[in-house]
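Q: need coordinates for the following:
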Amino acid sequence: MIKRKNIFKVFFNIIFLFIVLNILIEGIQLNIRRNGLKRQVSDAQIKIDELEKKRKTLEEEIKKIEENEKIERLARDRLDLHKKGETVYKVVE
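A: This is a model prediction of the structure:
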């Protein structure tokens, strides 16, 4: 009877130890996975910030180009200016 109780205790302790180790291993794996995901989020945020900065720069360049085109159009229309090598024709009605 005593041996049977001891065997049961040993068996119970082994199962309990197995469960505890399994929980610890799962926790470690989850922590590793979480750290990897945090790193991916951080990298993605850096990329987003870089793209936002590039977008703003491109928008500023577009505005400058649009302003230059407006100035050129006004100079052509109002002041009858033209580029070198261009021939200007006026339509008389």
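
Q: could you list the low-pLDDT ranges of this protein?
A: 1-2 (pLDDT under 70).

Q: how about a cut-off of 80?
A: 1-5, 75-83, 86-91, 93 (pLDDT under 80).

Q: would you map the helices across it?
A: Using DSSP state H, the helices of the chain run over 2-79.

Q: and the most centrally placed residue in the chain, what is it in contact with?
A: What sits nearest the mean C-alpha location of the chain, by CA atoms, centre = their mean, is Ala44, with 3.2 Å. If you count contacts by CB atoms under 8 Å, 6 or more residues apart in numbering, Ala44 has none. Quick note: C-beta positions are derived from backbone N, CA and C, even for glycine.

Q: I'd like the distance between it and Arg55.
A: 16 Å (CB to CB, to the nearest Å).

Q: got it, and Ser42?
A: 20 Å.
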